[in-house]
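Asker: Coordinates for the following, if possible.
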Amino acid sequence: MINKNQEILAFIEEQKPNILKDWQELVELEGSTLEKPKVEKTISKFQSWLEAEGFTCKVIDVGEQTAGTLIGMLGEERAGKPILFSGHLDTVYPEGTFEKEFQIVDGKAFGPGVLDMKGGLIIALYVVKALRVLGYEETPIKFIVSGDEENGHQLSKGDDLFVEEAKNCLFGLNMETGRIDNKLCIGRKGVINALITVTGVGSHAGNDFESGRNAITEMAHKVLLLHDLTDLEAGTTVNPGVIAGGTVINATPASCTLKVDVRYKSLDAAEKVVNEIKNICKKTYIEGTSTEVKIIEALKSFETNDKVEKLLGFIQTIAAETNHDVPGSVYLGGGSDAAYVGIAGTPAICSIGVLGQWNHTQEEYAVVQSMFDRISLVTTVVLNQKTF
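Answerer: Predicted coordinates for the structure are as follows:
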């Protein structure tokens, strides 16, 4: 077991001002997924930091409406498989949403993307810096940094690129939001959106009631059936979340739309529930209405398997034997790009970024000390990769 805690802690102590400065700079480079030029600027900054550490980088175009994906490789000539760090630099909120940008209050850092997930990428950057100071040259180090994770790559080929670039790595660390309870994510549900439109026939509800074909009523027949597709034992949930239809109270509604959120644990479960949704939408209850359904895959499931369990155990053992807090494990309902690392055949752990809460809200915060703790732990994990 390689234990260089003292050297790592001395490095972190010396670098604390720079860590906080870089974290602030990255957070204050705001940009939500569809603010392409702003996200590109953020990616360019992070690329410059990687290149300063010796990485060979490229940004690959994945779609017209979103920023590209940054690929960085250090030590490609080294023996062994690369260790992969992954993440994203787009955020949920557009620039200017937050009244205040980066700030630290009572040991907590606040700001857009401070937790989700710019803090995690700063951890990965300083792990690389620490490894260089320690003279680590055992394996290549690879980065995959997306510019369009927050909308699930719906307008790009970023997911396909992720799978291709994540192949043949020793293991992957997705530097997503760390949980406040210090648990690492070993699985995530996939996300599907079903957009359903019923078209009926509009008419006057008083003078010409019989000519109408009520789209809302047709949708009502379907809503309860869709809700009943939920199978908690299998981990599948189907939530009819947004419905809209009609114009005025005295007119038969000619149109009704429904947005349905679907979560699932496995690709087999996804196929099953999608087929069931389509079958429900095929059936017509009110003659003269028609139904269309559009299935949008937001993020695929990150499936737990033996390789993932082995990687978790490896990290827990390293933590225990080098005086770090031993993280637990958790299975989460929200998706992430760890799914594509897993699909590529590379074992992955997710949520190993800075600890905090309330991501996707304006109360989002990260625990500053956890930034330093995670740099120490992850550096030690990489140093001991031969025992994995």
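
Asker: Now do the helices in the stretch 101-250 of the chain.
Answerer: 119-133, 158-165, 215-227 (DSSP state H, counting those that start in this stretch).

Asker: residues of the second one that come out buried?
Answerer: What that stands for is helix 158-165. Gly158, Asp159, Leu161, Phe162, Val163, Glu165 (16 or more other CB atoms under 10 Å). The C-beta positions use only the backbone N, C-alpha and C, and glycine is treated the same way.

Asker: got a list of what the residue nearest to the second one when sequence neighbours are not counted touches?
Answerer: In other words, Asp159. Excluding its sequence neighbours, the residue lying closest to Asp159 (CB to CB, 6 or more residues apart in numbering) is His153, at 4.3 Å. By CB atoms under 8 Å, 6 or more residues apart in numbering, the contact list for His153 reads Val62, Ser146, Asp159, Phe162, Leu299.

Asker: what separates His153 from Gly96, distance-wise?
Answerer: Remark: distance between His153 and Gly96 (CB to CB, to the nearest Å) = 25 Å.

Asker: got a list of contacts for the longest helix along the chain?
Answerer: Longest helix of the chain, by residue count under DSSP state H: helix 5-28. Contact partners of helix 5-28, identified using CB under 8 Å, 6+ apart, comprise 42, 45-46, 49, 89, 101-102, 104, 109, 111-114, 118-119, 121-122, 125-126, 129-130, 133-134, 322-323, 368, 371-372, 375-376, 379-380.

Asker: before we move on, the earlier item: out of the buried residues of helix 158-165, who's nearest Thr139?
Answerer: Glu165 (16.2 Å; CB to CB).

Asker: The closest one against Leu70, yeah?
Answerer: No: using CB atoms under 8 Å, Glu165 is not in contact with Leu70, being 10.3 Å away.

Asker: intersection of neighbour lists for these two?
Answerer: Listed as contacting both Glu165 and Leu70 by CB under 8 Å, 6+ apart are Ile144.

Asker: show me what contacts the residue nearest to Val238 when sequence neighbours are not counted?
Answerer: Nearest non-adjacent residue to Val238, counting by CB to CB, 6+ apart: Leu229, 4.3 Å away. Residues near Leu229 by CB under 8 Å, 6+ apart: Thr236, Val238, Val273, Glu276, Ile277, Ile280.

Asker: and if you look at Gly345?
Answerer: Lys167, Asn168.

Asker: any idea how far Arg78 is from it?
Answerer: Taking CB to CB, one finds Gly345 at 21 Å from Arg78.

Asker: Also Glu276?
Answerer: Taken as CB to CB, the span from Glu276 to Arg78 is 49 Å.

Asker: Note down every partner strand of the lowest-mean-pLDDT helix or strand in the chain and its orientation.
Answerer: The weakest-scoring helix or strand in the chain, judged by mean pLDDT, DSSP states H and E, is strand 290-299 (a mean of 92). Note on strand 290-299: by DSSP bridges, its sheet partners are strand 190-199 (antiparallel).

Asker: ok, then the element right after the longest helix of the chain?
Answerer: For helix 5-28, the succeeding helix or strand toward the C-terminus, using DSSP states H and E, is helix 36-52.

Asker: elements contacting that following helix?
Answerer: Applying 3 or more CB pairs under 8 Å, 6 or more residues apart in numbering; DSSP states H and E, one finds that helix 36-52 makes contact with helix 5-28, strand 56-60, strand 69-74, helix 119-133, strand 141-146.

Asker: now the angle from it to strand 56-60?
Answerer: 160 degrees (axes from the mean of the first three to the mean of the last three CA atoms, to 10 degrees).

Asker: residues making contact with helix 36-52?
Answerer: Helix 36-52 has contacts (CB under 8 Å, 6+ apart) with 22, 25-26, 29-33, 57, 59, 65-68, 70, 72, 74, 89-90, 95, 121, 125, 128, 143, 145, 147-148.

Asker: Let's see that with 7 Å instead.
Answerer: Helix 36-52 has contacts (CB atoms under 7 Å, 6 or more residues apart in numbering) with 26, 29-31, 57, 59, 65-67, 70, 72, 89-90, 95, 121, 125, 143, 145, 147.

Asker: Over to stretch 378-388?
Answerer: Contacts for stretch 378-388 (CB under 7 Å, 6+ apart): 1-2, 4, 8, 83, 123, 127, 130-131, 136, 138-139, 170-171, 173, 314-315, 318, 322, 352.

Asker: try 8 Å this time
Answerer: Residues contacting stretch 378-388 (CB under 8 Å, 6+ apart): 1-5, 8, 80, 83, 123-124, 127, 130-131, 134, 136, 138-139, 141, 170-171, 173, 310-311, 314-315, 318-319, 322, 324, 352.

Asker: Report how many residues lie close to Lys157.
Answerer: 16 (other CB atoms under 10 Å).

Asker: any idea how far stretch 340-356 is from the chain center?
Answerer: Put simply, stretch 340-356 sits 9 Å off its chain's centre (CA atoms, centre = their mean, to the nearest Å).
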